[in-house]
Structure formats: structure tokens, C-alpha cells
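Trainee: Just need the structure, nothing else, for what follows:
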Amino acid sequence: MNPTDSLRLLPEIILTVTGVIVMLIDASLRPGVARRPLGWVAAIGTTAALWASLWQLRLPTGTAYFGTVETSPFTVFFHVLICGIVLVALLLALDTLPEDSHHQGEYYALVVFGAVGMCLLTGAVELLVVFIALEISSISTYVLAGYRKQTGTGPEAAIKYFLLGSFATAFLLYGIALIFGATGSTQVYEIARRVPTVENHSLVVASLVLMLIGILFKVSAAPFHVWTPDVYEGAPSPVVALLSTAPKAAAFALLLRVVYEMLPTLRPIWSPLLWVVAVLSMTVGNLAALRQQNVKRMLAYSSIAHAGYLLAAFAGLGSSGISAAAFYIAAYAAMNVGIFAVITLASGYDEQLPMVADFRGLLYRSPLLGGLLIFFLISLVGIPFTGGFFGKFYAFSAAVGGGAIALAIIGLLNSGLASAYYLRLAFSAAQRPDDEDGRARLPLPQVGIAVGAALLFTVGATLSLGIAPGNALRAAETAAHTLQVPLDDNSAPDVTPPPQPQP
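Mentor: Residues are numbered from 1 along each chain as shown. Below is the predicted model of the structure:
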């Protein structure tokens, strides 16, 4: 082990230390003392981890700790994305969690510890480390989903998420066991070299299917999506802003590594499977969202549809599919965190206004929040000059480039279908409330400094990805190139991809 190996885990180390500090301070404070400053401690630690991730671009591409974790432009891209999402989620919680909410210090610690697992998941090139990272992330999110334990929907959401998530993790672990039985290794690069020459090819195929089930559950792709609406509805909106983006970004990074880097020779098998899952996700998600009157359930089904749009990029050949998927993840994260921030402020922590009709007149009650809600909705539709437009453009272009023209057409048709429920919420927010309407007399939502910064970050990211996407796309392309691994049987087991130019 090289003494400098710790530098390749610097973001995870910073996040771990931050979480421990938050818990120690929380335990030392008397009951009744405000825990809100702990959120700022967590935000500062997350910011330090984000800068540490950017600093890792100075390191040459390579592995550490006996080939179990990797640092490359691919891992840096997702580290920065995850840390950015976590930072915005913490800022959102700072101004929206009630001062008297229970276990507030533990909330911030769980968010940070969840980020440790997500970051580690994107950089792991050893399947056992992948499993450990997935568990670190999952346990934190299971607890966060049931944070409002005084309500009936909170514990229900946590239990459903935990039970179904445990089954999905079991599928992933069983797939890891099968690939070890077939190749004798759990190291990603070693598996990639051995798969073409294994004797029992059926074990490899079975392993691929089982691992796909476990990963697709985490990204809430159909038909593994049944947990999503209930969890989104039962969890607090600040938690949903995190759950709907950061864990999915980490899971999609893992999916990219598994199919493009570990099992590229099985493309004739996994490509049609992901094609079918993409069509199911887009269609089931949009059709179900059309019937929803609860805003959070509508956005839950919307996230299933967006998982389908993203999976369409996997039909792209080589680095085009990887870069398109990475860019779409960043664009979706920006606009989805933003819209949940608006919903949190408009509905309140207790979500007294959960239905689409309850948002009527929001533009008149609060022009800022109403305008931002409409802005994020049109980005989710995919209107030009927003991140959602270029995200879908690159995803469907990658599908067409890979020969999946029918998949791109289905995606475009589904995008048109999705505009119906997005615009329904937008029109409701833009309608003038009646004088007799009680919502018209509700107090205006207060936008604090922390949540204002969170909204500023999400709006800026959505606009920059829609108006000037060049930098993000170049970073995604650089990340994609570092994920390409030559299958050379004469290579040493610990060989890693060559260094690529920094974005």
C-alpha cells in the first residue's frame, strides 16, 4: 500500500470526519439547545470534500488500497456532482427543518454519512467494496426516509424502502457471488479480462442479470419502481430532494462501470435488456404520473420516466453513451433538487398543501417561488435554454448513434406525454386565486439565506447546462474516456486506464 493512497480517498475521509464531528457535538449538547449550527458544520465539511474532489484531478488515474478504489476524471465527475447535491440538500434543510424537530443533529450526520457511501460507490473497482459502499448509503437513506416518525406515512415509507431495498441488495450480492464463482475474482478490471475466456458463460450471464436488478432498483427504473411513490410521499421534501438525485447518480455511475467497463463483451445481452427497461420506465412513469393529484407522487413517477430517458443513452456506442448519461444525470439533479426546494417552501415541512390544486395562485402569493416552480417544470419538460433540453438531446442522440432509433422516438413521444402533467402544475401555479380561496390568505413562504443559496445554485446550474453546456459536456466526455478499459489478457492484474487530459 502506497502512503499516498489516502489522497485517493480524501473526499470520503473528509466526509467521514465531518459526520463524526457532528455526532460528537450533538451528543455533548444539552436537550433543548438548537442543533441548527450543526447543519453549517456539515455544509462546511461537504464543501471541503467537493474541493478535495476537484483537487484529485491533479492525481494520475490509478487505484489505491490494493486495487479496490480508483481515482480518475470519471470518479471526480460523480464525486463533485454528489457533493454538490448533498451541499444543496443541507442548505435546504437548514431553513426548512423546524427548530424543535427531533434528532436534528442526527439528520445532518446521516446525510453526510450517506454521501460517504455514495462517493465510495462511484470510485470502487472491487465488488465487495461496492457492496459495502451501497450499504453505507442505503442505511442512511432508510433512516432519513422515516425522519417524520410522528406521521403515519413516514414510518411506512421507511419500512417499505428498507424491505424492498434489502431484497434488491441481496440480488446484487448474489450476482457478485456468481461472478466470483465464474471468474475467481471480484476486481472489476480482472473480471473484464477473464470473462471472454470463462468456461461457464451462463454463470456470467446470470450474474449480470442479478446485478442489474439490484442496481435498477436503486435508480427506480420499471419494473423495480414500486417503492418510489410511497417513499417520496412519506419522506420530508428536503430528504426527497436528496433521495431522488444523489443515490441515483451513484447507482448510475455503478451501472456505467458494470456494463461498459466490467462486462463490455456482454453488450448483446445487456443492451436489449436496458432497452426494454428504458421503454417500460418512460411509459409506466408518464402514464402513472398523468393520474396523480399529489405533487410528490407525480414527481415520483416523473423520476421513473427520467430514469428511462437516461437509460436510453446506454444504447450509445462507446464513450458517446457514457458521456450522454453522465451529462443527463447532472442536468436532472440540478432541476429536480430545485423543484423539491420550491415544493418544500410552498408546502411547508408538514406539507399542508400536498395536492396540485393547492398550488393554485402560487405565482401571485410568491412571484419568486411561483416563477421558479414554472422554470424547473419547463426544464423537466425539456424546453430549450434549460438543462433538461440538452440532457434529453444528448441522451436521444446517443441512442440514435447506437442504432436505437425506435427507442429515441419512443422517448420523444413520452417527453410530449410528460408535458401534460408538468404544464398542469405550472398552469395551476399561474392561475389567479379566488377571493374566497383560503390559500390566497396564507402567509408568504419565507426564503432564508441558506435556502436562497440552494435555489441560486440549482437555478444557476440548470441555466448554465442549458445555455453553455460545453464545460460540463467536456467533463463528461473526459470521464467517459477514462472508463474505457482495453481487454488485454497479457496485462497485469493491477493495470488501470491511462491518464487522460484534465477537463
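Trainee: Quick check: next helix or strand after the helix or strand bottoming out on mean pLDDT in the chain?
Mentor: Scoring the helices and strands of the chain by mean pLDDT, DSSP states H and E places helix 362-365 at the bottom, with a mean of 86. Downstream of helix 362-365, the first helix or strand assigned by DSSP states H and E is helix 367-381.
Trainee: can you pull out the helices in the stretch 151-300 of the chain?
Mentor: Taking DSSP state H, counting those that start in this stretch, the helices of the stretch 151-300 of the chain run over residues 153-183, 188-194, 201-218, 228-234, 237-243, 246-256, 267-290, 295-312.
Trainee: by contact count, what packs against the third one?
Mentor: Going back to what we said before, that points to helix 201-218. Packed against helix 201-218 by the contact rule (3 or more Cβ pairs under 8 Å, 6 or more residues apart in numbering; DSSP states H and E) you find helix 153-183, helix 246-256, helix 267-290. The way it works is simple: take the backbone N, C-alpha and C, and place the C-beta from them, glycine included.
Trainee: Of the helices of the stretch 151-300 of the chain, which is nearest Ala426?
Mentor: helix 295-312 (11.8 Å; Cβ to Cβ).
Trainee: next structured bit after that closest one?
Mentor: helix 319-347.
Trainee: That next one vs helix 267-290, what angle?
Mentor: With axes from the mean of the first three to the mean of the last three Cα atoms, to 10 degrees applied, the angle from helix 319-347 to helix 267-290 works out at 20 degrees.
Trainee: Render the CA-only coordinates of the least confident helix or strand of the chain in CSV, please.
Mentor: Output of helix 362-365 as CSV, limited to C-alpha atoms (Å, rounded to 0.1, in the frame of the first residue of the first chain):
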residue,chain,number,x,y,z
LEU,A,362,-48.6,30.4,-6.0
LEU,A,363,-47.3,32.9,-8.6
TYR,A,364,-49.4,35.6,-7.1
ARG,A,365,-48.7,34.6,-3.5
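Trainee: how about that helix: buried residues?
Mentor: For helix 362-365, a neighbour-count test (16 or more other Cβ atoms under 10 Å) marks Leu362, Leu363, Arg365 as buried.
Trainee: ditto for stretch 393-413
Mentor: Of the residues in stretch 393-413, 393-402, 404, 407-408, 410-411 count as buried by neighbour count, 16+ other Cβ under 10 Å.
Trainee: To Ser137, which of the helices of the stretch 151-300 of the chain lies closest?
Mentor: Ser137 sits nearest to helix 246-256 of all the helices of the stretch 151-300 of the chain, at 5.9 Å, using Cβ to Cβ.
Trainee: hang on, Tyr421 packs against Leu299?
Mentor: No - the criterion here is Cβ atoms under 8 Å, and Tyr421 misses it with Leu299 at 9.5 Å.
Trainee: who's more crowded, these two?
Mentor: Between Tyr421 and Leu299, counted using other Cβ atoms under 10 Å, the more crowded position is Leu299 (28 against 23).
Trainee: got the contact list for that one?
Mentor: By Cβ atoms under 8 Å, 6 or more residues apart in numbering, Leu299 lies in contact with Tyr232, Ser244, Ala289, Asn336, Ile339, Phe340, Ile343.
Trainee: want to throw the residues you listed into JSON lines with distance to Glu106?
Mentor: Shown next, in JSON lines, are the contacts of Leu299 (distance: Cβ to Cβ, whole Å):
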{"residue": "Tyr232", "distance to Glu106": "22"}
{"residue": "Ser244", "distance to Glu106": "21"}
{"residue": "Ala289", "distance to Glu106": "33"}
{"residue": "Asn336", "distance to Glu106": "25"}
{"residue": "Ile339", "distance to Glu106": "27"}
{"residue": "Phe340", "distance to Glu106": "21"}
{"residue": "Ile343", "distance to Glu106": "24"}
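Trainee: Among the residues you listed, which one sits closest to Gln104?
Mentor: Each of those was scored against Gln104 by Cβ to Cβ, and Phe340 proved nearest at 19.2 Å.
Trainee: where do the strands sit along the stretch 1-150 of the chain?
Mentor: With strands called from DSSP state E, counting those that start in this stretch, the stretch 1-150 of the chain shows them at 62-64, 69-71.
Trainee: Need the winner for burial among the ones you listed.
Mentor: strand 69-71 (a mean of 23; mean count of other Cβ atoms under 10 Å).
Trainee: What pLDDT is listed against the nearest residue to Glu126 once chain neighbours are set aside?
Mentor: Nearest residue to Glu126 in three dimensions, chain neighbours excluded: Thr68, at 3.9 Å (Cβ to Cβ, 6 or more residues apart in numbering). At Thr68, the model reports a pLDDT of 93.
Trainee: Pop out the phi and psi values for Thr68.
Mentor: Note on Thr68: its backbone torsions stand at phi -100, psi -30 [degrees, to the nearest 10].
Trainee: does it really touch Leu127, like I thought?
Mentor: No - using Cβ under 8 Å, Thr68 is not in contact with Leu127, being 9.6 Å away.
Trainee: Comparing the two, which residue is more hemmed in?
Mentor: Neighbours were counted for Thr68 and for Leu127 using other Cβ under 10 Å; Leu127 has more, 26 against 22.
Trainee: one step back: make a markdown table from the strands of the stretch 1-150 of the chain and add distance to Val143 to it.
Mentor: A markdown table is the format used below for those (distance: least, Cβ to Cβ, whole Å):
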| stretch | distance to Val143 |
| --- | --- |
| strand 62-64 | 30 |
| strand 69-71 | 25 |
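Trainee: closest to Tyr260 out of these?
Mentor: Between the strands of the stretch 1-150 of the chain, strand 69-71 lies closest to Tyr260; by Cβ to Cβ that is 14.1 Å.
Trainee: Which other helices and strands does the closest one contact?
Mentor: Secondary-structure packing of strand 69-71 (3+ Cβ pairs under 8 Å, 6+ apart): strand 62-64, helix 104-123.
Trainee: and the shortest one, what does it pack onto?
Mentor: So that's strand 62-64. Helices and strands touching strand 62-64, as assessed by 3+ Cβ pairs under 8 Å, 6+ apart, comprise strand 69-71.
Trainee: Check the offset of the strand it packs on from the chain's centre.
Mentor: 20 Å (Cα atoms, centre = their mean, to the nearest Å).
Trainee: and if you look at stretch 103-117?
Mentor: Its chain's C-alpha centre and that of stretch 103-117 lie 16 Å apart, by Cα atoms, centre = their mean.
Trainee: What residues sit buried inside it?
Mentor: Using 16+ other Cβ under 10 Å as the test for burial, stretch 103-117 gives 104-117.
Trainee: for stretch 252-272, same thing?
Mentor: Buried residues in stretch 252-272, counted by 16+ other Cβ under 10 Å: 252-264, 266, 269-271.
Trainee: Now for Thr68 and Leu127: what residues contact both?
Mentor: Common neighbours of Thr68 and Leu127, counting by Cβ under 8 Å, 6+ apart, are Gln187.
Trainee: hmm, who's touching stretch 5-20?
Mentor: With Cβ under 8 Å, 6+ apart as the criterion, stretch 5-20 contacts 41-42, 44-46, 48-50, 52-53, 55-56, 59, 62-65, 69-71, 79, 83, 109, 112-113, 115-116, 119-120, 123.
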